[in-house]
Every structure is written in structure tokens, then in C-alpha cells.
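*Asks:* Quick one: sequence and predicted model below, then my questions.
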Amino acid sequence: MKIAIVCYPTFGGSGVVATELGLELARRGHEIHFITYRQPVRLALLNPNIHYHEVHVPEYPLFHYQPYELALSSKLVDMVKLYGIELLHVHYAIPHAYAGYMAKKMLKEQGIRIPMVTTLHGTDITLVGNHPFYKPAVSFSINHSDVVTAVSQDLKDDTYRLFDIKRDIYVIPNFIEVKKTKIEAPCQRSAIAGESQKIITHISNFREVKRIPDVVKIFNEIQKRVPSKLMMVGDGPEREPAEQLVEELGLTDKVVFFGNSNEINEILCFSDLFLLPSQTESFGLAALEAMAVGVPVISTNTGGLPEVNRDGFSGYLGNVGDVAYMAEKAVSILSDEYKLAAFKQNALDVAKEFDIQKIMPMYENIYRRALKQQLV
Ligand code: GMT
């Protein structure tokens, strides 16, 4: 099948999912065309089935805002015609589903019918998409997609609760390639921490929704009882305030800020615990990435997180903002070597349920359904 994938190319979860999906589909023989404004961060182009087409938005002084949707929909039309693309798969409703719909309409006028699959990822529904400025356009583009998927049951429920949706939404959870997370070389623990210290990790795009101050506060409580270090991986608006908080709490020698990294598995390899105390999380791909390396997770119990992190098994889940509870549970795992080993194994076992090989056929079925629907 010839498939166009539209996504954000940045370090956000939806871009990672879209990129890994495209790479695996290419391995399975499909011809994949990534269409976005920059080369996706995890995209390796060394596969004849992978193509990347950049969307250019020329600066024009008359425009206060440059019209990206327009450029994207025009690019989609051109690429569909040039390569005979059979299906559009857009990730993140805003503005991709809207641009995809416009492309479909333009193509239809030229006698080309092409189905569009829209995958909802989270903030496109719960935070941004739900804003009155965007809501009518988001409802419209979801209702006019040929097939809609959501990355968790919770996100599907939220979509029905927040929007006037008149169609089915299929749940296809996010996935991980478990075998790719294995690090051959021994983990470089000693480069980061002393022998008696535990290593705790947080990875995100450091936005408000991640509750970065809670990460630091939870760690502050942990380190009072368990010798430990905190690895902060990623970048975003909350990084600087977090650095300040670390300083205020006198933790500078125990907290390392890495910035964005492509060596996530290497970092997770030496981690004992992962913290994700988010305000909301449709799925929590970062938690799954940690679990796939055998790292237990302390997270909040919001959104789709309970579908990924199993309470009392792969980690613990607390109420949003309950720093004391999450710190106590973290200490209970870190201070008991038997419990830590069991939780590490459990985390890996749960992650295997989300292995790419189990999830990929779900997408392929959805594509077949979209093509069939289109032909009816
Ligand atoms: O909020 C982010 O971290 C970025 C955002 C995205 O679209 O890139 O993440 C959302 O999609 C991810 C992939 O499906 C999910 O794993 C995240 O849970 C979700 N974020 C939120 O719901 C806050």
C-alpha cells in the first residue's frame, strides 16, 4: 500500500509514534511518504520504501500568521498525484485532519478518491482541540475522517465526552519495539551515580501538563531516604524553572539535566525508576518506553496511564499532585531489592503486551477498512 503519513516531526509522542509506525510499515513492504515541515527526529531514510517530502511555507509580509494548513493540503494533493498514494494517515487532529480533509476534497474534484485515517493522540482533544477557538474545526475534521483511531480507551471516552462525534472511534494503543530497546554493551551506571545510589529518570517535553515541579519534589522526598540521583531528559518551557527549583532545594549535585536526547534506551538502561506525575496523559508513551527497558513507573492515575502502568505491579499510580504518596511508593520499591527486581520484570512483561508486532496488524486492518469503505 502507498501511504502518506502526516505528523509533527518534533520530540513529542505523536511524532515518535507516527515515525515508528511508518518505519515498521516500510519494513513490511508498504511505501511510506512522510509529509511534514521538518524531517522527523527518529526518521532513518535508509530504506527504499521511505520517502520524505518537506512542506515549505514561504514567509510573506502580508501574513501575520503563515498558512501552514494551506501549504500542507497543497503538498498532499501534489504528492498523492505524483506518487499514486492510496491512503492518508494523519496524526494529531490539529491542523492535520483539517488539512487532510481539504486535500481529499481537492483531489475528489480531480477524480481521485483517497481515504483518510485520523489518529487522535491526546492534547489535540483534551487541551488544545477542546478550546472554543478550535473545537468546531476539530469536531468537523473528526466527523469527516474515513476512520478515526485513539491511542487509549480513555482518550476515546474523552473524545465522545468533549465533542459531538457521530462515528466510531477505534482504540489502537501506542506500541514499542521491545527487542530494539535491548542495549548490548553494559549500562554505564558508574558514569552517572555511585554504587549505592539509585537512578531515577524523567523524560518529557517539559511542558506544564507534565507537572515538572512535582518530579523534582517527589525526588526531593526520595533522596532523603534512599541515596539517589535524578536524570531529567528533554527540553521545554518548564526546564528553566525546574533548574531553579533544584537549586532552591539544594539538589544541584544530585540532579542532571540532559536536554533532548536520541539515546533514550541508553539512559533508561541504567535507570531504576521512572517518574511521570502528569496532569493528564492520554497514554504516556514515555512510561511504556521505560517499562520496555524494565524500569518500573511511578505515575499519576489520570487519563490513559492506568491502561499502561499497572498499579502495584509495574509501578504505582497516585492522584495528581499527591507528591507525598508518590514519593512514599517510590521509596517502597527502591528500598527493597526483591521488590525492585520483581517490579522491573513486571514492567517488562506489561510492555511486551504493547509490542509493535502485536499492534501493527491493527493499523493494517484499519487501512484495509478505510480503503474498502472508500470504495463502497
Ligand atoms: O503531550 C505530549 O507530550 C505530546 C503529545 C504529542 O502528541 O506529541 O503527547 C500525546 O501523545 C502521545 C503519543 O500518543 C501520548 O503518549 C501522550 O500521553 C500524549 N500527551 C498527553 O496526553 C498530555
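*Replies:* The structure has been received and is ready for your questions. In this text, all values refer to a predicted model and were calculated from it rather than measured experimentally.

*Asks:* May I have the distance across stretch 328-339, first residue to last?
*Replies:* One end of stretch 328-339 sits 14 Å from the other (CA to CA, to the nearest Å).

*Asks:* Counting by contacts, list what the lowest-mean-pLDDT helix or strand in the chain packs against.
*Replies:* None of the helices or strands of the chain scores lower by mean pLDDT, DSSP states H and E than helix 123-126, at a mean of 86. Applying 3 or more CB pairs under 8 Å, 6 or more residues apart in numbering; DSSP states H and E, one finds that helix 123-126 contacts helix 93-109, helix 153-162. For the C-beta atoms, the positions are set from N, CA and C on the backbone; glycine is no exception.

*Asks:* Looking at the stretch 51-200 of the chain, which residue is nearest the ligand?
*Replies:* G122 (2.6 Å; CB to the nearest ligand atom).

*Asks:* for the closest residue in space to that residue that isn't next to it in sequence, what are its contacts?
*Replies:* Distance criterion CB to CB, 6 or more residues apart in numbering; nearest residue to G122, sequence neighbours excluded, is S282 at 3.0 Å. Residues near S282 by CB atoms under 8 Å, 6 or more residues apart in numbering: 120-123, 125-126, 150-152, 154-155, 158, 303-304.

*Asks:* and if we set it to 6 Å?
*Replies:* G122, V151, S152, L155, G303, G304 (CB atoms under 6 Å, 6 or more residues apart in numbering).

*Asks:* Show me the shaky parts of this protein.
*Replies:* Applying pLDDT under 70 to the chain flags the ranges 11, 375-376.

*Asks:* residue ranges of the strands in it, please?
*Replies:* Along the chain, counting by DSSP state E, strands occupy 2-6, 31-36, 50-54, 87-91, 116-120, 147-150, 170-171, 198-203, 228-233, 255-259, 273-276, 297-300, 315-318.

*Asks:* Paired strands for the shortest one, with orientation please.
*Replies:* Looking at strand 170-171 with DSSP bridges, its paired strands and their directions are strand 147-150 (parallel).

*Asks:* cool, and the fourth one?
*Replies:* Partners of strand 87-91 in the sheet, by DSSP bridges, are strand 2-6 (parallel), strand 116-120 (parallel).

*Asks:* now the angle from the first one to helix 93-109?
*Replies:* Note on geometry: by axes from the mean of the first three to the mean of the last three CA atoms, to 10 degrees, strand 2-6 and helix 93-109 are set 140 degrees apart in direction.

*Asks:* Give me the contacts around strand 2-6.
*Replies:* In contact with strand 2-6 (CB under 6 Å, 6+ apart) are residues 18, 22, 30-35, 84-90, 96.

*Asks:* Generate a PyMOL selection restricted to the buried entries among the residues you listed.
*Replies:* Entered in PyMOL, the line below selects the buried ones among the contacts of strand 2-6, by 16 or more other CB atoms under 10 Å:
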select buried, resi 18+22+30+31+32+33+34+35+85+86+87+88+89+90+96
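
*Asks:* Go through the contacts of strand 2-6 and name the one nearest F313.
*Replies:* A18 (29.4 Å; CB to CB).

*Asks:* how far away is the closest one from T181?
*Replies:* Taking CB to CB, to the nearest Å as the measure, A18 falls 19 Å from T181.

*Asks:* can you check R368 too?
*Replies:* Applying CB to CB to R368 and T181 gives a distance of 29 Å.

*Asks:* These two: who's more crowded?
*Replies:* Set R368 next to T181 and count neighbours by other CB atoms under 10 Å: T181 wins out with 19 against 13.

*Asks:* which residues touch that one?
*Replies:* Per CB under 6 Å, 6+ apart, neighbours of T181: N265, A292, V293.

*Asks:* Closest one of those residues to the ligand?
*Replies:* A292 (13.4 Å).

*Asks:* Assess the claim that the closest one and K179 are in contact.
*Replies:* No: counting by CB atoms under 6 Å, A292 does not reach K179; the two are 9.5 Å apart.

*Asks:* neighbour count winner among the two?
*Replies:* A292 (25 against 10).

*Asks:* Touching, V55 and R38? I think so.
*Replies:* No: using CB under 6 Å, V55 makes no contact with R38, being 9.0 Å away.

*Asks:* What parts of the stretch 251-376 of the chain come near the ligand?
*Replies:* Proximity of the stretch 251-376 of the chain to the ligand is confined to T280, E281, S282, F283, G284, L285 under the rule CB under 6 Å from any ligand atom.

*Asks:* coming back round to it: V55 and R38: which has the busier surroundings?
*Replies:* Counted by other CB under 10 Å, V55 and R38 do not tie: V55 has more neighbours, with 20 against 13.

*Asks:* hey, which of the helices and strands packed on helix 123-126 is tucked in deepest?
*Replies:* helix 93-109 (a mean of 21; mean count of other CB atoms under 10 Å).

*Asks:* what about that helix and the ligand, touching?
*Replies:* No: for helix 93-109, no contact with the ligand is found by CB under 6 Å from any ligand atom; the gap never falls below 10.0 Å.

*Asks:* ok, and what's touching that helix?
*Replies:* 6, 69, 72-73, 76-77, 80, 88, 90, 114, 116, 118, 120, 124, 128-129, 137-138, 141, 144-145.

*Asks:* make it 7 Å
*Replies:* 6, 68-69, 72-73, 76-77, 80, 88, 90, 114, 116, 118, 120, 124, 128-129, 134, 137-138, 141-142, 144-145 (CB atoms under 7 Å, 6 or more residues apart in numbering).

*Asks:* do the same with stretch 18-27
*Replies:* Residues contacting stretch 18-27 (CB under 7 Å, 6+ apart): 3, 5, 7, 32, 34, 40, 42-44, 47, 49-50, 91, 356, 360, 363.

*Asks:* Just the buried subset of these, written out for ChimeraX, thanks.
*Replies:* Those of the contacts of stretch 18-27 that count as buried under 16+ other CB under 10 Å are selected in ChimeraX with:
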select :3,5,7,32,34,40,42,43,49,50,91,356,360,363
